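sequence-free structure coming up:
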């Protein structure tokens with residue numbers, strides 16, 4: 001069936017609390033709405049409510065989406081999808097038919113969507129940290145410290161399409177580089193059987209770092225949120241907040257360098273997620289890039305590899321457009 005050129009793509013980023021819906025044409029994102037998932041019995045109900053809110057409830061209405069792409073917080077291994085931390089369970093085929101998405105519905109993991117956004121970013125959607133130039137057609141590495149630590153890679157394929165690797169790289173073992181980091185990880189091992197990268201490189205990980213540093217210095221750690229820690233660090237306030245954020249940035253550099261070596265990421269390394277973009281110049285001037293390069297004999301391999309912070313507000317939506325584009329293939 002030929003595609004209606006005027007038909008936008010219906011996109012949704014569905015988390016445990018909120019579902020963000022929007023329409024996308026190329027790179028233009030419009031009609032973004034945030035719906036509370038608790039207010040709807042099913043994904044179909046939420047999506048139908050969104051289409052009604054933007055005046056596209058009627059089948060055959062001009063501009064009604066014929067394709068869709070949804071990102072979900074959890075694994076997608078077949079037609080049946082059970083979301084992490086959410087009671088919604090659904091059949092992709094049933095949702096596709098219920099919403100009249102006659103040209104198809106792609107459903108992918110939420111961080112896979114973020115990874116797939118990278119080819120659609122322009123220069124205003126990213127901020128480079130340090131030197132380096134991407135190799136055209138090179139493999140790309142993507143990390144996303146947020147509520148957890150998302151890790152992926154992008155591999156170029158035929159027709160300009162990209163494939164995102166699905167894995168659990170956020171759960172690799174975190175390695176220390178300094179005596180202070182060794183002491184912090186030792187402290188965290190008192191609470192966790194396995195101190196993974198995610199235990200320190202995420203919003204909760206930032207809290208773990210702050211608490212461990214406080215305890216090591218003989219102080220009772222105050223109950224601070226990740227946002228409070230970063231705000232204090234940016235303001236140059238509490239020294240343990242400052243040190244926690246500095247250690248976070250340095251450790252992220254180590255893990256990013258490891259990922260770049262593992263994938264041979266000559267196309268660059270992109271840092272997404274909700275934590276790093278909020279750090280602004282503090283991250284740019286941190287030890288991130290220095291630690292990224294500190295790989296001994298492999299320093300020369302990493303020196304030309306550029307590192308970027310993704311600054312686009314809704315990168316998952318761009319990635320979902322990329323996933324929806326694959327439905328045409």
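That came through fine. Everything numeric in this text was worked out from a predicted model, so none of it was measured.

only C-alpha atoms for contact and neighbour calcs from this point on.
Will do.

all strands for the stretch 201-329 of the chain, in order.
All strands of the stretch 201-329 of the chain, identified by DSSP state E, counting those that start in this stretch, fall at 269-271, 307-310.

which of these sits closest to residue 217?
strand 269-271 (30.8 Å; Cα to Cα).

average pLDDT across that closest one?
Strand 269-271 shows a mean pLDDT of 98.

again with stretch 91-105
The model assigns stretch 91-105 a mean pLDDT of 92.

do the same with stretch 113-131
93.

domains in this protein, by residue range?
9-115+315-328, 126-311 (automatic domain parsing).

okay, those domains in JSON lines with mean neighbour count next?
Formatted as JSON lines, the domains of the chain follow (neighbours: other Cα atoms under 10 Å):
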{"stretch": "domain 9-115+315-328", "mean neighbour count": "19"}
{"stretch": "domain 126-311", "mean neighbour count": "19"}
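
lowest average confidence across those domains, which one?
For those, where the average pLDDT is lowest is domain 9-115+315-328, sitting at a mean of 87.

ok now it, how far from the chain's centre?
Here domain 9-115+315-328 shows a centroid-to-chain-centroid distance of 17 Å under the convention Cα atoms, centre = their mean, to the nearest Å.

how about stretch 104-122?
Mean-position distance between stretch 104-122 and its chain equals 10 Å (Cα atoms, centre = their mean).

now do the helices in the protein.
Taking DSSP state H, the helices of the chain run over residues 43-53, 92-98, 110-117, 179-188, 203-216, 226-235, 239-263, 281-284, 288-293, 299-302, 315-325.

which one of the ones you listed lies nearest to residue 197?
Among the helices of the chain, helix 239-263 sits nearest to residue 197 (Cα to Cα), with 7.6 Å.

contacting residues around that closest one?
Contact with helix 239-263 is made by 139-141, 143, 153, 174, 176, 181, 197, 200-201, 206, 209-210, 213-214, 229-230, 232-234, 236, 265-266, 268-269, 283, 286-295, 302, as judged by Cα atoms under 8 Å, 6 or more residues apart in numbering.

rerun that using 6 Å as the cut-off
209-210, 229, 233, 287-289, 291-292 (Cα atoms under 6 Å, 6 or more residues apart in numbering).

how about stretch 163-174?
149-155, 196-198.

between the helices of the chain, which gets nearest to residue 15?
Among the helices of the chain, the nearest to residue 15 by Cα to Cα is helix 110-117 (8.4 Å).

now for that closest one, which elements pack on it?
helix 315-325 (3 or more Cα pairs under 6 Å, 6 or more residues apart in numbering; DSSP states H and E).

let's see that with 8 Å instead.
Helices and strands touching helix 110-117, by 3 or more Cα pairs under 8 Å, 6 or more residues apart in numbering; DSSP states H and E, are strand 67-72, strand 149-156, strand 162-164, helix 315-325.
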